[in-house]
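> how would this look folded up:
(chains A and B)
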Amino acid sequence: MKAQALAVQGEETGEMVPLSGLRVGQTASVGEVLGNLELVHRLREMGFYQGARVKMIRRGSPCIIGLAGQRLGFRGDDLARILVRVPAMAS
Amino acid sequence: MAVASDKTTWTIALVGNPNTGKSTLFGALSGLAQQVGNYPGVTVEKKTGEVVHHGRRWSLVDLPGTYSLAPRSPDEMVTVDVLLGRRADVPPPDVILCVAAAGNLDRNLYLASQVMELGRPVVVALTMNDLAEAEGTHVDVAALSRRLGVPVVPVQAQRREGLEALKDAVERAGAGEPPAIEGLFPDPFRAEVDRLAEELDGRLGVNLTGAHSPRYLAERLVLDAGSYVEEALGLPEDERRELRESVQAARGRLAEAGCRVPEIETTSRYAWVADTLDGVVAHGKAEARFADRLDAVLTHPTWGSLILALVLLLTFNAVFSWATVPMDWIDAGIGAVGGAIEGAMAEGPIRSLLVDGIVGGIGAVVIFLPQILILIGILAVLEECGYLARAAYLMDRIMVHVGLSGKSFIPLLSSFACAIPGVMATRVIEDRRDRLTTILIAPLMSCSARLPVYVLMIGAFIPKRSYLGGWVQLQGLTMVGMYLVGVVVAAAVALVLKRTFLRSATPIFLMEMPAYQWPSPITVARRMIDRGWDFLYNAGTIIFAVSIVMWGLLYYPRLSADDLAPLLGRQEQAEGALEAARESADEARVAEAEAAVAAAEARIDGAQQRQSLLGRMGRFIEPAVRPLGWDWRIGSAAIASFPAREVVVATLGVIFDVGEEVTEGEGEQRLTQALQGATWPDTGKPLFTIPVALSIMVFFALCAQCVSTLAVIWRETGSWTWPALSFAYMTILAYVGAFLTYQVGTWIGS
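Now for the predicted structure:
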């Protein structure tokens, strides 16, 4: 039931794009995290669970992501890739 | 198991995410009564302190910061072991104090939800509430406490606010029931865990310590890929296999029911967190925050990098300029102690051992303490205020080119003062191959012990030329060049290692950018004391032992009476001349005669040196060092400095007949002159030329001449392979580097 509450957030959103595709200041919700199982789990533990809201703070490699009050320096490459859903009516 | 309140000493475990102010809280609670050590068998720092509350004595254990109780790194493994009461050296905790930062409760409560399942009383300390409020995040503490079912106490550890309330809450919690956390996982998962718990109960029977429920163990068995719980159960091999099959089957059924492991854990817990925080945390509309504006500059690819370069420049400047005064004091103090012993004892092996071996050995260690303390202090301040994470972020762009991540930057930075704290700082790197690569290249950073060699050689042999109207000097450029040699070679070595037997893909970079805040002076001071003591103890014991051995090699065998007689004769002659000069009261003559006496004494030392075991070794290896442009004297000095490179200047002083007091003003000048005047005995040509000086410097820049570093590498990696590899590759590189420098230098010069 609670897991569903999060899933609903995901449904209202549009296409999946890589996290690195976000513009500075743009927000999105985490869709899928792909890659090495252990790293994926670590990312999820850090808060990149499905439906979590992320905000691009600084683009590039590594980028800085805003995630639930924390800022994370992140460079994923092939080992772990975060896909996010951008609302269809992106501001 | 005894009820907690019956015991005289409670154990309170402090657990929390990194960057939550956990160490500051630990410091505020335990004051100066802290002990820092290592957990036996693993290189994880063990911090314990003592709290007295209402006449009760509590032992406070600060566990390494962790994001999760699903252990992956040694740090996390220790945290889990202590919390489960599985370590013999720490009693099972009576109360778990879970530190959570108000600004990022989502992620902090993820860990809290795991902690609350352990079946121990839990108290949540809510830190950084002021920072959260300033950012427009308001936490309803009473509501949060009700939802969680455990006491939540806001604290401002730096201002010592809330500490008494926190201790009261711990006292009450310890006497009460542990929290019950229900309905976190979906039904199919709970059904599987129940089934497995029953199986475990049957298998373990009386074996189960009762410290934690079979339910908890079953849950971790299903969720965690590693086999640590399995090992912890201590079952015989056949039962282990059966259990493993049950776990696999349970995972399979769960996957069919839509609960994939390990994803189910994060999904369920974050759903629980979202429920718990709903209506408890209010996010106001935050305006452009000060921290955002700061980050816009500090993490900017251009401006941020420029500021980082400036910060590094100022840091190194501070390390080398501020440290000179205390280093002079220490030098003078060591000299005075040595002098006092020299005056009080008759000449002989024991006096020589005390003065040259023991006092000199201690001096060689203590002399570097100011630089190390200053660097550690500056790094601690930069880390505490949140800047180091930004520096690591910026450096990631560069580190990625050699196959490492930004996390390797801080250990390498520390290594410029001393590789020992640098190697220890690699503990933050999760990826094992990355950590090993960083450990292997850390000793290539020019540490402060190489500086005396650079200063001596550059001062004596590099011409004082300046360019661009005096702004750039050749001597300064050479110094920078020596630092660059280490960095460039380190980059090349890292590339090679990461492409060969430490091969792994460039690791991902995931690093929290902590909130900016004022550093806590207590935390900084503690770090300096702990690391300084660590250095003194580790390096101290080894350098000390080695100094004694080196003293023996330089002292024995003594000159025979026949060899000594003509030298003593000359010394007596000089002393006679001095007395005559004193009677004549001609100051110029006195000075001249005094110099002659000193020279005669130095000549005896030099003859003894040549005769010693070390001198013989130097002559034995001369053919090998000739291609580097060196003679046996330089070879002996290089051999003597293998255990600890800082002894080289003193050794050169003894070998080149100017006595040992070469580290200070006049003595240094005398050594410079002696080196400039040294010649090859066969040809009479000057021994030291610019290529020779450069070849010596390159050799010292690249060589692994530090037993303490090798010992720390052994301790940190738990194997002799890595220190052996460090030593071998660095020595080969040093030889090749010195060879090329000399040969190319000579070719250019001719």
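> in the chain, where is pLDDT below threshold?
Just so you know, I chose chain A. For chain A, residues meeting the criterion pLDDT under 70 lie at A:1-13, A:78, A:88-91.
> right idea, wrong chain: chain B
Ranges of chain B meeting pLDDT under 70: B:1-7, B:32-33, B:37-43, B:204-213, B:226-228, B:232, B:285-288, B:364, B:543, B:657-669.
> got a list of contacts for the helix or strand that contains residue B:616?
Counting by DSSP states H and E, the element that carries residue B:616 is helix B:613-620. Helix B:613-620 has contacts (CB atoms under 8 Å, 6 or more residues apart in numbering or on different chains) with B:550, B:552-554, B:556-557, B:609-610, B:632-633, B:635-637, B:639-640, B:655. (Each C-beta comes from the backbone N, C-alpha and C, glycine too.)
> ok, 6 Å please
Helix B:613-620 is contacted by residues B:553, B:554, B:609, B:632, B:635, B:636, B:639, B:640 when judged by CB atoms under 6 Å, 6 or more residues apart in numbering or on different chains.
> and residue B:193, what does it touch?
B:218, B:219.
> give the buried residues for the host helix or strand of it.
According to DSSP H and E, residue B:193 maps onto helix B:187-204. Within helix B:187-204, the residues that count as buried by 16 or more other CB atoms under 10 Å in any protein chain shown are B:189, B:192, B:193, B:196, B:197, B:199, B:200, B:203, B:204.
> from the residues you listed, which single one is nearest residue B:542?
Among those, residue B:204 lies closest to residue B:542 (CB to CB), at 45.9 Å.
> before we move on, back to that, neighbour count and secondary structure for the contacts of helix B:613-620 - can I get that in TSV?
Formatted as TSV, the contacts of helix B:613-620 follow (neighbours: other CB atoms under 10 Å in any protein chain shown; DSSP: H, G, I helix; E, B strand; the rest coil):
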residue	neighbour count	secondary structure
B:553	16	helix
B:554	23	helix
B:609	21	helix
B:632	21	helix
B:635	24	helix
B:636	31	helix
B:639	20	helix
B:640	26	helix
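> tell me, what residue is most central in chain B?
residue B:421 (2.1 Å; CA atoms, centre = their mean).
> was I right to think it contacts residue B:531?
Yes. With contact defined as CB atoms under 6 Å, residue B:421 reaches residue B:531; the gap is 5.5 Å.
> which other helices and strands contact whichever strand or helix holds residue B:146?
Using DSSP H and E, the element containing residue B:146 is helix B:141-148. Judged by 3 or more CB pairs under 6 Å, 6 or more residues apart in numbering or on different chains; DSSP states H and E, the packing partners of helix B:141-148 are strand B:152-154.
> still on that earlier bit, convert the C-alpha atoms of the helix holding residue B:193 to PDB, please.
Provided in PDB are the C-alpha atoms of helix B:187-204 (Å, rounded to 0.1, in the frame of the first residue of the first chain):
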ATOM      1  CA  ASP B 187       3.200  -9.600   3.500                       C
ATOM      2  CA  PRO B 188       4.800 -12.100   1.200                       C
ATOM      3  CA  PHE B 189       8.200 -11.000   2.500                       C
ATOM      4  CA  ARG B 190       7.200 -11.300   6.100                       C
ATOM      5  CA  ALA B 191       5.800 -14.800   5.500                       C
ATOM      6  CA  GLU B 192       9.100 -15.900   4.000                       C
ATOM      7  CA  VAL B 193      11.000 -14.400   6.900                       C
ATOM      8  CA  ASP B 194       8.700 -16.100   9.400                       C
ATOM      9  CA  ARG B 195       9.200 -19.500   7.700                       C
ATOM     10  CA  LEU B 196      13.000 -19.100   7.600                       C
ATOM     11  CA  ALA B 197      13.000 -17.900  11.200                       C
ATOM     12  CA  GLU B 198      11.300 -21.000  12.300                       C
ATOM     13  CA  GLU B 199      13.800 -23.100  10.400                       C
ATOM     14  CA  LEU B 200      16.600 -21.200  12.000                       C
ATOM     15  CA  ASP B 201      15.100 -21.600  15.500                       C
ATOM     16  CA  GLY B 202      15.000 -25.400  14.900                       C
ATOM     17  CA  ARG B 203      18.600 -25.500  13.700                       C
ATOM     18  CA  LEU B 204      20.100 -23.300  16.300                       C
END
